[in-house]
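# just need the structure, nothing else, for what follows:
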Amino acid sequence: MVKSLRRTFTGVPTYAWAACACAESAEHKVIVLIASNLGAAETFAEETVSLLATLKGAKPEIKVLTEPDAAIPTFEADCDLLGVLSALRHGQHTAQKPLIIACTPPTLLRASPSHQKIKQREWVIRKGDRLSIKECAQKLATEFGYDHEVLCEQPGEFALRGGIIDVYPLNATMPVRLDLFGETVESLRPFDPATQRSEGEMEGLVICAPKEDLSQEDLDPFYRHLPPETLLVGVNEVFEQPILQELQSSNLNILSLQDTDDAPSDGEAKPLLSQSADTLRIGNDNDSLSYRLGLIQEAARQCRDGKLCLLAGDTEGSVERLRQEVKELSLAHFSPQIIQARFSSGFILPAQNFPKPLAQGIIL
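Residues are numbered from 1 along each chain as shown. I've put the predicted structure just below:
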């Protein structure tokens, strides 16, 4: 088990959030990224996933935990919640296949079905299981409150056709087609409801009942579903908010990223050494070829001390252009990783007390 930690990095600008989360994620199977608004949390998660995949060869699963508001209907937010809870219970995550959850402080305390209620109100169907179409339809309609429709297009719906059952679990992002041979589940295939085309195959399916009819006694705050080895990464004093004070007494791992240089009164704090990649070249038109080539040359110069270098383009065309420009320069001992990813800003982290592969620093 990963030892519980309470750490703070000070002087962390927004562009360095993902690098810090990537560096500290090491052996954590579940990583929760918390920002004051959901847009910032989602960007934080997307950039962290890109770095984990590139630097550690990880294959993260990303989930967004929402809450009802003017932009997100209650039903949609409840489906998101059930999807995250289902991933936590059945995801079989590892350090190389971690679950990344993007959220805000209030969503960590969202009223969620208790462990016992989830266990009672979910149905796991696996390939090879015995299943009666009639009994399946009855269970979905009466016990789970799903709607029987001609076509299965929305969460909470199911449809029947011959020896096929289509069901769209509230906790899923796509409906699933169960193909039966007699009363044996022969295959489970997610499909696009618009085209009806299957997209791969799965070994098992989890179907959750709706959350809406639970009593207060059957609810727990969401964070109590997180396993003890979870890493919570919060930015800009989110852990100081009164709403999250009870987390301080939990056994979860907490990493706080502060944009100021103020160290907390308790816990371990470390100043982060970083600078924006904008400092590599100043005063030229950043759309010109000469500017881009100069930027690559300066990055190569700064990587002579062993820093990693990532060059990121947000389209296939921009990635190919970067490859051609690096090839054209033919710089000795310079082998940057060129990836397709979107980052809000480039950055430079010098060598500091980070685990590998960031121990020698990085330029992005």
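# show me which residues of the lengthiest helix in the chain are buried.
With secondary structure taken from DSSP state H, the chain has its longest helix at helix 38-56. Buried residues in helix 38-56, counted by 16 or more other CB atoms under 10 Å: 38, 40-52, 54-56. Heads up, the C-betas are built off the backbone N, CA and C, glycines and all.
# with stretch 170-181 instead?
For stretch 170-181, using 16+ other CB under 10 Å, the buried residues are 170-172, 175-180.
# out of those, flag the one nearest to Cys309.
Comparing the buried residues of stretch 170-181 against Cys309 with CB to CB picks out Ala172 as the nearest, at 39.3 Å.
# how close does the closest one sit to Asp179?
17 Å (CB to CB, to the nearest Å).
# can you list contacts of stretch 9-20?
44, 47-48, 50-51, 233, 235, 255-263, 269-272, 274, 276, 343-347, 349, 358, 362, 364 (CB atoms under 8 Å, 6 or more residues apart in numbering).
# swap that for stretch 323-333, please
Here stretch 323-333 has contacts from 289, 292-293, 296-297, 300, 304, 311, 334, 336, 338, using CB under 8 Å, 6+ apart.
# export the buried residues of stretch 170-181 as CSV, with columns for distance to Lys127.
Listed next are those as CSV, based on distance: CB to CB, whole Å:
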residue, distance to Lys127
Leu170, 21
Asn171, 19
Ala172, 16
Pro175, 17
Val176, 12
Arg177, 13
Leu178, 9
Asp179, 10
Leu180, 11
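# out of these, flag the one nearest to Gln245.
Nearest member of the buried residues of stretch 170-181 to Gln245, counting by CB to CB, is Asn171, at 29.8 Å.
# which ones are touching the closest one?
So Asn171 contacts 79, 82-83, 85-86, 206-208 (CB under 8 Å, 6+ apart).
# next one: Arg321
Counting by CB under 8 Å, 6+ apart, Arg321 makes contact with Gly313.
# before we move on, what about Gln275?
Applying CB under 8 Å, 6+ apart, the residues near Gln275 are 347-348.
# from Pro169, how far off is it?
46 Å.
# for the stretch 101-250 of the chain, which segments count as strands?
With strands called from DSSP state E, counting those that start in this stretch, the stretch 101-250 of the chain shows them at 111-113, 122-126, 147-148, 157-161, 164-168, 176-181, 184-190, 204-208, 219-221, 231-235.
# hang on, Ser256 is in a strand, isn't it?
Yes. Judged by DSSP: H, G, I helix; E, B strand; the rest coil, Ser256 forms part of a strand.
# so where does the closest residue to it other than its chain neighbours fall, helix or strand?
The spatial neighbour of Ser256 that comes closest, neighbours along the chain excluded (CB to CB, 6 or more residues apart in numbering), is Thr8 at 4.4 Å. Under the criterion of DSSP states H and E, Thr8 resides in strand 6-10.
# pull the number of nearby residues for the residue lying closest to Leu280 once chain neighbours are set aside.
Leaving aside its chain neighbours, Leu280 sits nearest to Glu298 (4.5 Å; criterion: CB to CB, 6+ apart). A count of nearby residues for Glu298, using other CB atoms under 10 Å, gives 15.
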